[in-house]
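A.B. asks: fold the following for me, if possible:
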Amino acid sequence: MAHLLARERQQATFDPKAMFRFLFGDDGADKVANIYKSFLSDKILQSTIAGKAYLSHADQYLANAEAARRFHELCRQYGVAETSDMYYISILIGIAPLPTDVHMSMFIPTLEAQASPE
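C.D. replies: Residues are numbered from 1 along each chain as shown. Okay, the predicted model is just below:
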């Protein structure tokens, strides 16, 4: 699949890196790239991504719970507060779905839309 993406990027009529900078702005693109590299280099998240196929269901759940804890810790560290951004990052780095995805995609938006600041 990665080779298909690389081929499509080569055949594009625009520079994908320039498009990335256009969409996020120079500062935003640098921030996203830094976050992406930091999340990918994290030991806990790396072990969760690499070792899932060989774990039992119970062990996968525990590994995903630990990955979710570390993921949210890193989100706080890097100032990622929007649930949509968190979900996007988790997909990009390959740890989605997380045990907290239903909470972030359904419960939080419901509260944001229906609750008052009090």
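
A.B. asks: what is the subsequent helix or strand relative to the biggest helix by length in the chain?
C.D. replies: Ranked by number of residues, the top helix in the chain under DSSP state H is helix 16-41. Later in the chain than helix 16-41, the nearest helix or strand by DSSP states H and E is helix 43-51.

A.B. asks: what packs against that next one?
C.D. replies: With contacts taken as 3 or more Cβ pairs under 8 Å, 6 or more residues apart in numbering; DSSP states H and E, helix 43-51 sits against helix 57-78. C-beta: built from backbone N, CA, C; applies to glycine.

A.B. asks: coming back round to it: between the longest helix of the chain and helix 43-51, how big is the angle?
C.D. replies: Put simply, helix 16-41 runs at 100 degrees to helix 43-51, going by axes from the mean of the first three to the mean of the last three Cα atoms, to 10 degrees.

A.B. asks: give the buried residues for helix 16-41.
C.D. replies: Judged by neighbour count using 16 or more other Cβ atoms under 10 Å, the buried positions of helix 16-41 are 21, 29, 32, 35, 39.

A.B. asks: list the contacts of the fourth one.
C.D. replies: Contacts for Ile35 (Cβ atoms under 8 Å, 6 or more residues apart in numbering) come out as 78, 80, 89.
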